[in-house]
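Participant: requesting a structural model of the entry that follows:
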Amino acid sequence: MPRHKLPRYVYRQRYKVRGGYVRTLYYVRFTDWKGKKRVFPAGDSPEAVKEIRDGILKKNYAQYDFDRPERADVTFAQWADYCLGLVRDKKSFPRICQHAEHLKGFFGPLLLSEITKTKILEYRALRLTAPIIRHGKPARGIVKLSTVNRELAALRWMLNLAAEEGLIEAVPKIKLDSERHLRRERTLNEKEWGALLDNSPVWFRKILIAARSTAMDRGDLVRLTWPKVDWQVGVIRLEGGRGKTGVRVVVPILPDLEEVLKEILAEGRVSNIKGLVFTDEGKAVGKAKLRWALGKAMKVADIENFRFKDIRHMAKSRWSAMNIPPEASMLAAGQRTLAAHEIYVHWPEETLRRVFLEAWKNYTSP
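Facilitator: Numbers count the residues shown, from 1 in each chain. Below is the predicted model of the structure:
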């Protein structure tokens with residue numbers, strides 16, 4: 001039966017029950033301070049419904065968060081969903097959602113108070129032996145330590161927030177394992193780089209050259225649009241900063257990149273819907289396609305243990321060999337700290353020797 005309006009924000013619903021009797025229930029319905037429509041049961045007493053309504057509206061005027069779970073019987077799944085709502089506007093939201101799904105798969109039905117250090121260690125051990133899942137199917141290899149660390153960091157954030165809200169008394173100590181031994185220093189020498197370019201399709205070769213010239217992440221490259229290319233000044237500016245960190249990025253257009261960009265303009269492939277700079281016959285390039293193209297080129301060129309991310313190391317190392325000041329290199333690469341800059345600088349042996357030989361030529365014996 002339809003609901004009939006009573007005093008403001010109060011509605012009633014009549015139900016037929018067994019025996020032919022009619023039961024009346026009252027509800028409080030309104031739009032809260034977040035702009036979200038709310039419906040709360042207000043019992044079956046017409047005398048008490050106004051008091052219940054006033055109490056709910058008083059909470060709304062005080063900007064009470066109706067989505068926040070109450071202290072009693074809050075499961076991790078409920079709390080994780082609430083925490084995700086707090087970071088919905090962040091660039092890292094999709095990645096945080098991935099972490100939360102894995103965490104809910106293990107901790108989901110547990111109460112927040114039931115999450116102990118022992119449970120966390122069990123989760124860590126389980127994840128470190130789990131296969132990598134891509135597109136819903138197991139892929140080659142197992143989950144990496146760095147991935148598990150990110151998930152545990154997300155768990156720690158959620159539990160700290162729960163403690164601040166008074167949902168738990170204490171947060172179990174969550175120690176993340178060091179990843180120092182996992183730092184990569186793999187770069188390609190000129191022969192390997194030439195072989196990789198020669199065995200890549202034209203569209204992918206342009207992306208490779210741009211990556212080595214700009215040190216940009218693959219996501220920022222495939223999302224790069226022409227308005228971000230400032231021909232007058234000769235730089236590329238990423239609005240909102242680097243996609244991964246949000247740090248400001250202003251990278252100069254070096255001659256090798258300028259040649260690639262002019263080639264794309266000459267081909268007339270700038271009329272795609274999104275105005276993307278790098279495409280495959282006008283079509284956007286996704287992460288899976290980049291991974292496939294790199295794997296195929298590496299196989300033909302007989303190159304092993306190399307990732308697209310390693311090109312960022314190559315770019316930073318080349319800038320260092322060009323005597324680019326660290327401050328300028330950090331701005332172009334979107335890095336906040338000198339420590340982050342130093343992690344990416346690895347001089348190949350042939351570059352190291354060349355720099356020393358050039359210095360030897362200019363050396364004057366005292």
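
Participant: now do the strands in the stretch 101-250 of the chain.
Facilitator: If DSSP state E, counting those that start in this stretch is used as the criterion, the strands of the stretch 101-250 of the chain fall at 131-134, 137-142, 229-230, 235-237, 250-252.

Participant: need these in CSV with distance to residue 362, mean neighbour count and mean pLDDT, can you?
Facilitator: C-betas here are computed from N, CA, C, even on glycine. As requested, the strands of the stretch 101-250 of the chain are arranged in CSV below (distance: least, C-beta to C-beta, whole Å; neighbours: other C-beta atoms under 10 Å; pLDDT from 0 to 100):
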stretch, distance to residue 362, mean neighbour count, mean pLDDT
strand 131-134, 51, 12, 82
strand 137-142, 48, 10, 81
strand 229-230, 36, 14, 93
strand 235-237, 31, 17, 93
strand 250-252, 26, 18, 93
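
Participant: in a markdown table: these, plus distance to residue 81.
Facilitator: Conversion of these to a markdown table gives the following (distance: least, C-beta to C-beta, whole Å):
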| stretch | distance to residue 81 |
| --- | --- |
| strand 131-134 | 21 |
| strand 137-142 | 26 |
| strand 229-230 | 40 |
| strand 235-237 | 37 |
| strand 250-252 | 38 |
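
Participant: quick one: which of these is nearest residue 63?
Facilitator: Put simply, out of those the one that sits nearest residue 63 is strand 235-237, at 37.7 Å, with distance taken as C-beta to C-beta.

Participant: got the contact list for the closest one?
Facilitator: 214, 224, 228, 229, 230, 249, 250, 251, 252, 253 (C-beta atoms under 8 Å, 6 or more residues apart in numbering).

Participant: quick one: the fourth one and residue 250 touch, right?
Facilitator: So that's residue 229. No. Under the criterion of C-beta atoms under 8 Å, residue 229 lies out of contact with residue 250, with a separation of 11.9 Å.

Participant: thinking again about what came up before, out of the strands of the stretch 101-250 of the chain, which is closest to residue 124?
Facilitator: Each of the strands of the stretch 101-250 of the chain was scored for nearness to residue 124 using C-beta to C-beta, and the closest is strand 137-142 (13.0 Å).

Participant: if we can go back for a sec, residue 68: which of the contacts of strand 235-237 is nearest?
Facilitator: Within the contacts of strand 235-237, the smallest distance to residue 68 is 36.7 Å, found for residue 249 (C-beta to C-beta).

Participant: quick one: contacts for that closest one?
Facilitator: Residue 249 makes contacts with 216, 220, 236, 237, 238, 241, 242, 331, 332, 333, 334, as judged by C-beta under 8 Å, 6+ apart.

Participant: torsion angles phi and psi at the fifth one?
Facilitator: Here is the backbone geometry of residue 238 (degrees, to the nearest 10): phi -90, psi 110.

Participant: burial of it, as a residue count?
Facilitator: 21 (other C-beta atoms under 10 Å).

Participant: tell me the pLDDT at residue 5?
Facilitator: The predicted local distance difference test score for residue 5 is 57.

Participant: contacting residues around the helix or strand harbouring residue 291?
Facilitator: In this structure, residue 291 is located in helix 287-301 according to DSSP states H and E. With C-beta under 8 Å, 6+ apart as the test, helix 287-301 has contacts from 192, 195-196, 198-201, 204, 207, 218-219, 222, 280, 303-304, 306-308.

Participant: out of the residues you listed, which sit inside helices?
Facilitator: 192, 195, 196, 198, 204, 207, 218, 219, 222 (DSSP state H).
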